[in-house]
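S.K.: Sequence and predicted structure, then a few things I'm wondering about:
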Number of protein chains: 2
Amino acid sequence: MKIIHYSVAESTQFNDSEVVKGVTGRVVIGKDDDAPNFCMRFFELSEGGYSPCHAHDWEHEILIHSGKGEVLRDGKWVPVSAGYAVFIPGNEEHQIRNAGQDPLVFACVIPSGPPEL
Amino acid sequence: MKIIHYSVAESTQFNDSEVVKGVTGRVVIGKDDDAPNFCMRFFELSEGGYSPCHAHDWEHEILIHSGKGEVLRDGKWVPVSAGYAVFIPGNEEHQIRNAGQDPLVFACVIPSGPPEL
């Protein structure tokens, strides 16, 4: 059994001008733990930060941990905050952005197979 | 895309004297949403509440959302609070209990196949 605070997992920064901004990603539970079916990542989006607007053939199951954000759904931004869950089916376009001053922190679970981060 | 606050999902109470106490469970993302690979449930443990001490052949990936709790690992209680992730491999005995006054709230992801709740 692994018990870890997400903040101590190794982090990777994502900043690519127009595509992604102010994103810190961490694999918290994944293949290195012999997790057989799915992988839990954590993301922190700093003030003004956003994830890429993209689609891929695997799903996301997201849990908003803290902060205030917005999720792009069918061309409209939907507000989310702590305790919201978001299910993004495979091949559906999506993007998440921070809509507050504090970091937006969320867990995002994906199936095993795609890149973990 | 489904966007839902966990608290509005249908809830089920679990109270079985010695086995489980003060547990409210909710399926937030699952087969009814056509989630293909894994299922996100939320649990609230009231003050003094605990989940069953048991083992099964599927894994858990847990995220502590709020409150203070303890996780039974190898016969010892390990403290957890908001932002802790717990990976419980299949067939490993486990139990979670509330160690505070406020509800202990956590998400628990399981693979598709076993009962969702």
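M.R.: Thanks, I have the structure now.
S.K.: How much space separates residue A:99 from residue A:67?
M.R.: Distance of residue A:99 to residue A:67, given as C-beta to C-beta, to the nearest Å: 8 Å. In this view, the C-beta of every residue, glycine as well, is placed from N, C-alpha and C.
S.K.: Contacts only, for residue A:80.
M.R.: Residues near residue A:80 by C-beta atoms under 8 Å, 6 or more residues apart in numbering or on different chains: A:64, A:68, A:69, A:70, A:71, A:86, B:3.
S.K.: wait, which of the residues you listed is closest to residue B:58?
M.R.: Comparing these against residue B:58 with C-beta to C-beta places residue A:86 closest, at 23.3 Å.
S.K.: who's that closest one bridged to?
M.R.: residue A:62, residue B:3 (DSSP bridges).
S.K.: That one and residue A:69 touch, don't they?
M.R.: No - look at residue A:86 against residue A:69 with C-beta atoms under 8 Å: they stay out of range, at 9.6 Å.
S.K.: more neighbours, those two?
M.R.: Between residue A:86 and residue A:69, residue A:69 has the larger neighbour count (other C-beta atoms under 10 Å in any protein chain shown), namely 28 against 25.
S.K.: can you list the contacts of residue A:80 in a markdown table and add distance to residue A:20 and secondary structure?
M.R.: A markdown table is the format used below for the contacts of residue A:80 (distance: C-beta to C-beta, whole Å; DSSP: H, G, I helix; E, B strand; the rest coil):
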| residue | distance to residue A:20 | secondary structure |
| --- | --- | --- |
| A:64 | 18 | strand |
| A:68 | 19 | strand |
| A:69 | 14 | strand |
| A:70 | 15 | strand |
| A:71 | 15 | strand |
| A:86 | 18 | strand |
| B:3 | 21 | strand |
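S.K.: count of residues packed around the residue lying closest to residue A:51 once chain neighbours are set aside?
M.R.: In space, and not counting its chain neighbours, residue A:51 is closest to residue A:96: 4.7 Å by C-beta to C-beta, 6 or more residues apart in numbering or on different chains. By other C-beta under 10 Å, the residues close to residue A:96 number 27.
S.K.: State the distance from residue A:96 to residue B:46.
M.R.: Taking C-beta to C-beta, one finds residue A:96 at 32 Å from residue B:46.
S.K.: Same question for residue A:17.
M.R.: Per C-beta to C-beta, residue A:17 is found 48 Å from residue B:46.
S.K.: okay, these two: which has more neighbours?
M.R.: Legend: neighbour count by other C-beta under 10 Å for residue A:17 and residue B:46, higher for residue B:46 (17 against 6).
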